[in-house]
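> Attaching a predicted model along with its sequence, questions to come.
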Amino acid sequence: MILEDLNQLPAAEANHTFMQCCTSSTWVNKMVAARPFSSALAIKKAADDAWQGLAEQDYFEAFEGHPKIGDVNSLRAKYANTKELAGNEQGLVKEANDEVLKVLSQGNADYEAKFGFIFIVCATGKSAKQMSDLLQARLPNNKAQELINAAEEQRKIFQLRIDKALAEA
C-alpha cells in the first residue's frame, strides 16, 4: 500500500488496515485520527506515540489479538483476524520437535496463569526453541515488568506489520 493510499482511505478501511497491525481499538482509533502521514517514518513515529501511555486494558486487548506461540489451533483461530499482515510470523515453529512444543505449550500455560495474558514475543525469525527459552527467562518476572516486556514486543510486531503494509503495492 502506498502511503498516499493509506492517507486517503475511508475511516472504516483505514481502521481495518491498522487492525491488521494491532488489535487495540484505542491504538487503531488514534492511528486513523492521526492521518494524513507525511512519510513512512511519520507513520512509524505516530504508531509508537499512540502506543505510549495506553491503559492496561488496551494492551491486553492488543495481546488478545495474537495466537499462543506454538499452539497450532490458536494460530489458525487468532490469525484469521490479522492474517493479511501477520501471516507466517511463527513460521519456524512448525519445524520444532514435539518435545520443544510441549515445553512451549506448558510455558504458555504457566505464563498466562501467572500474568493473566498470553506470552507475547516478536516471533519473526525465531525458532520455537528460542521462543521457549525467552518465555522461560521471562517467567520469573513480576507482572509490572512483564507488562512492559510484552508491550515492547507488541510494539515491535506492529512496526513490522506497518512495514509489510507499506511494502505492499
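Yes, it's here.
> does the residue sitting furthest away from the middle of the chain belong to a helix or a strand, and which?
The C-alpha centroid of the chain is most remote from E99, which lies 25.6 Å away (Cα atoms, centre = their mean). E99 is part of helix 98-115, with elements assigned from DSSP states H and E.
> quick one on the thing from earlier: tell me the confidence at the residue farthest from the centre of the chain?
You'll see E99 listed with a pLDDT of 79.
> So which elements touch whichever strand or helix holds F158?
Secondary-structure assignment from DSSP H and E places F158 in helix 143-167. Judged by 3 or more Cβ pairs under 8 Å, 6 or more residues apart in numbering; DSSP states H and E, the packing partners of helix 143-167 are helix 3-8, helix 40-51, helix 56-64, helix 72-86, helix 98-115. Where C-beta positions appear, they are placed from N, C-alpha and C, glycine not excepted.
> what comes up buried for that helix?
Along helix 143-167, these residues count as buried under the neighbour rule (16 or more other Cβ atoms under 10 Å): 146-147, 149-151, 153-155, 157-162, 164-166.
> before we move on, what about stretch 103-115?
Quick answer for stretch 103-115 (16+ other Cβ under 10 Å): 103-105, 107-108, 111, 115.
> Tell me if I'm right that L160 and E153 touch.
No: contact criterion Cβ atoms under 8 Å: L160 and E153 do not qualify, at 10.9 Å.
> hang on, the earlier thing: contacts for the helix holding F158 next, please.
Outside of helix 143-167, the residues within contact range by Cβ atoms under 8 Å, 6 or more residues apart in numbering are 1-3, 6, 17, 20-22, 27, 40, 43-44, 47-48, 51, 56, 59, 62-63, 66, 82, 85-86, 89, 114-117, 119-122, 124, 138, 141.
> Out of the helices and strands packed on helix 143-167, the one nearest A128 is which?
helix 98-115 (4.9 Å; Cβ to Cβ).
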